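J.: With the sequence up front, the predicted model follows.
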Amino acid sequence: MISEKLHARMSRDREMTSITLRVPTDVVDSLKAIAPLKGMSGYQALLKAYVSEGLRRDEAVHLFGPAARLAEALRRRGVPAELIEAAAQDVA
């Protein structure tokens, strides 16, 4: 079952915001060289793809992984959030 947050992330009509990001010139040059090889329209699309890929991977581990599901199950069973957070810090 896909969580509501993940389902919303898949929507193509999400609100966007502009950001400024300082990136070394050689990194931008590499992005520009790799983008067409990966079928991307430009380096910014490739950069967004890399950010999205890393974010999805980290969310899978930290927000939707076994530890997060266990924490949610404990919350539903009445274990105080402070206790769950303290236990999570112990194993981090």
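T.: Noted; the coordinates are in hand. Since the model is a prediction, treat every value here as computed from it, not as a measurement.
J.: low-scoring stretches of the protein, by residue?
T.: 1-3, 5-9, 92 (pLDDT under 70).
J.: Do a quick rundown of the helices in this protein.
T.: Under the criterion DSSP state H, the chain contains helices at 4-9, 25-37, 43-62, 66-76, 81-91.
J.: can you give me the angle the second one makes with helix 43-62?
T.: Following axes from the mean of the first three to the mean of the last three C-alpha atoms, to 10 degrees, one obtains 90 degrees for the angle between helix 25-37 and helix 43-62.
J.: Buried residues in helix 25-37, which are they?
T.: 31, 35 (16 or more other C-beta atoms under 10 Å). C-beta: built from backbone N, CA, C; applies to glycine.
J.: mind starting the numbering at 2 from now?
T.: Taking 2 as the first residue, the last one we looked at is helix 26-38.
J.: which helices and strands sit right next to that helix?
T.: Packed against helix 26-38 by the contact rule (3 or more C-beta pairs under 8 Å, 6 or more residues apart in numbering; DSSP states H and E) you find helix 44-63.
J.: which residues are contacting the helix it packs on?
T.: The set of residues external to helix 44-63 that reach it, using C-beta atoms under 8 Å, 6 or more residues apart in numbering, is 7, 24, 29, 32, 33, 35, 36, 39, 41, 69.
J.: Quick one: the residues you listed as CSV, columns for distance to residue 91 too.
T.: Formatted as CSV, these follow (distance: C-beta to C-beta, whole Å):
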residue, distance to residue 91
7, 28
24, 37
29, 42
32, 40
33, 45
35, 41
36, 43
39, 41
41, 42
69, 16
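J.: Which one, of the helices of the chain, ends up nearest to residue 17?
T.: helix 44-63 (10.3 Å; C-beta to C-beta).
J.: Only the buried residues of that closest one, if you could.
T.: Neighbour-count burial for helix 44-63, with 16+ other C-beta under 10 Å as criterion, is recorded at 44, 47, 48, 60.
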